[in-house]
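*Asks:* Predicted model follows, preceded by the sequence.
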Amino acid sequence: MIGGSMLLRGLGTITFLIGDVPPTPVTVDQDADLIGRLEIELAPDADAGFGETLLLIDIAGARTNQFNNAHEGFTLATTAGGIDLVLTYAAGDGNDIGLIGLLAGDVDGDGSVGVEDLDLILANWGSFVGAYNRAGGDLSGDGVVGEEDLQGVLEYWGSDAPPTPTIPEPTSLLLFGLGVLAVSRVRR
Ligand SMILES: [Ca+2]
Ligand SMILES: [Ca+2]
């Protein structure tokens, strides 16, 4: 626990190491003024699930400002398992700082990487949509929809969120398989 206000000014950097268990959150028992950098280091066994929130900083008081390098929605790291760790300033009880696990390459956020994501990239190709505007098609963080974002989708093509109790209908499984085949041909 950090007593009093948390001030990270100038060159201050706070680094969280993400391993196979959730990080222990820093607790700020008053206000937090965030002028500094937030860095994420991944251990080789770093693990996070789709839709899971890892709480980093629990602020009891009010928050002012944001980290210099990381605004809402920025992807700070990607685990080996293909989960993007995306920053939110609205975790916990609404004003805490955390990372939300989203599927890498998943532009529309529906929990799978496929044709819809590719379509969004192509529809916005060359457009400036804002850094890490996922729904707009920027996965790479340069704010423009282009080659890197396309590669991001292709690299994780076919990945799915962890299975839900719902069993997919055989027809949708078949269509999914065809979609993968079509893209494999295009890439050759
Ligand atoms: Ca998707
Ligand atoms: Ca981009």
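*Replies:* That came through, no problem. Ligands and ions are numbered 1, 2, ... in the order given.
*Asks:* Please report how far Ala62 lies from Asn69.
*Replies:* Ala62 sits at a distance of 22 Å from Asn69 (criterion: CB to CB, to the nearest Å). All C-beta atoms are positioned from the backbone trio N, CA, C, and that covers glycine.
*Asks:* Any idea which helix or strand in this structure has the lowest mean pLDDT?
*Replies:* Lowest mean confidence among the helices and strands of the chain (mean pLDDT, DSSP states H and E): helix 170-187, at a mean of 43.
*Asks:* Report the central residue of the chain.
*Replies:* Centroid-nearest residue in the chain, with CA atoms, centre = their mean: Val86, separated by 2.9 Å.
*Asks:* show me the residues around it that make contact.
*Replies:* 73-76, 99-102, 132 (CB atoms under 8 Å, 6 or more residues apart in numbering).
*Asks:* what does the chain have sitting close to ligand 2?
*Replies:* 138, 140, 142, 149 (CB under 5 Å from the ion).
*Asks:* And the helices in this protein, which stretches?
*Replies:* In the chain, the segments counted as helices under DSSP state H are 115-123, 147-155, 170-187.
*Asks:* Buried only: go through the residues of the chain next to ligand 2 for me.
*Replies:* If you count burial by 16 or more other CB atoms under 10 Å, the buried members of these come out as 138, 140, 149.
*Asks:* Closest one to Val115 out of those, please.
*Replies:* Nearest to Val115, judged by CB to CB, of those is Asp149 at 15.2 Å.
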